[in-house]
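Colleague: give me a model of this one.
(one chain, ligands or ions: 1)
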Amino acid sequence: MSDPVLSLRGIEKTYLKGTPGEVRVLSGLDLDVRRGEVVALVAPSGAGKSTLLHVAGLLDTADAGEVRIGGREVTTLSDRARTAVRRREIGFVYQFHHLLPEFSAEENVALPQLADGRDRRAAFDRARDLLERVGVGHRATHRPAELSGGEQQRVAFCRALANGPALLLADEPTGNLDPVTADRVFDILMQVVRETGLAALIATHNMELAARMDRTVRLSDGRIA
Ligand SMILES: Nc1ncnc2c1ncn2[C@@H]1O[C@H](COP(=O)(O)OP(=O)(O)OP(=O)(O)O)[C@@H](O)[C@H]1O
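Modeller: Below is the predicted model:
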């Protein structure tokens, strides 16, 4: 079997180490996510879901343990090399869209591609194609403030997918939407993930959404229970 897209081994993370406020969040956590697999990450508030996603997404470093992306150990890479892995291999979706307000939907989706060296025309073609696929092609030239919450979040998915990542990490991606919109946006996310064969790790408090994914993992006492 091929290497998991994401492999975490023995991950440790403590905030404010050595101070009275020390918080041990991850303590020897192991997790694999394979190509085409959509995994729900479920845990009580404060258990460390965001911390885990940040470590897996190379936005933060663990105190100990190994992070492999596509079989490659990334913990020991230089900052520059890690940034390149993050940009090419990993897409993020957050609870709030974090789109750049002064740019249109298509510009928001084109920008990560331009940052990765793709030519302008190809970047905008891909942006419009992705926006079409999630049903917001007709809003391509609108700025985020001119879009509904569900539309904003669909644009945020497109931005996450813009550089063709192997791994999608999402932190409560529909948590800010009303239940009907959340359901619809989640369907679209699942459809796109299925079509592209991505590995996805999606943190959610919503057990109905978790039940629609391939597998649920629970984070408890700093490990996968
Ligand atoms: N930068 C930080 N400095 C100190 N403590 C932190 C920091 N970031 C997070 N924590 C603490 O670490 C623990 C885990 O936080 P984290 O945000 O990973 O939890 P979570 O499971 O994502 O929570 P929620 O579901 O509420 O978003 C919490 O107790 C939090 O207060």
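Colleague: who is the most centrally placed residue in the chain paired with across the strands?
Modeller: Among the residues of the chain, the one closest to the centroid is residue 169, at 2.1 Å (C-alpha atoms, centre = their mean). Note on residue 169: beta-bridge partners residue 92, residue 201, judged by DSSP bridges.
Colleague: ok, now which ones touch it?
Modeller: 53, 56, 57, 90, 91, 92, 93, 200, 201, 202 (C-beta atoms under 8 Å, 6 or more residues apart in numbering). Just so you know, the C-beta spots here come from the backbone N, C-alpha and C atoms, and that holds for glycine as well.
Colleague: closest one to residue 183 out of those, please.
Modeller: For these, the minimum distance to residue 183 (C-beta to C-beta) is 14.3 Å, reached by residue 202.
Colleague: and the gap between the closest one and residue 13?
Modeller: The gap separating residue 202 from residue 13 is 20 Å, by C-beta to C-beta, to the nearest Å.
Colleague: who has more neighbours out of those two?
Modeller: The neighbour comparison of residue 202 against residue 13 (other C-beta atoms under 10 Å) goes to residue 202, with 26 against 23.
Colleague: enumerate every residue touching that one.
Modeller: Contacts for residue 202 (C-beta under 8 Å, 6+ apart) come out as 38, 39, 40, 41, 168, 169, 170, 173, 209, 213.
Colleague: hmm, who's touching stretch 113-133?
Modeller: Contacts of stretch 113-133 (C-beta under 8 Å, 6+ apart): 87-88, 105-107, 109-110, 137, 139-140, 154-155, 158, 161-163, 192.
Colleague: for the chain, where's the lowest mean pLDDT among helices and strands?
Modeller: Taking mean pLDDT, DSSP states H and E as the measure, the chain has helix 179-196 as its least confident helix or strand, at a mean of 88.
Colleague: on contacts alone, who are the packing partners of that one?
Modeller: Counting by 3 or more C-beta pairs under 8 Å, 6 or more residues apart in numbering; DSSP states H and E, the packing neighbours recorded for helix 179-196 are strand 38-42, helix 149-161.
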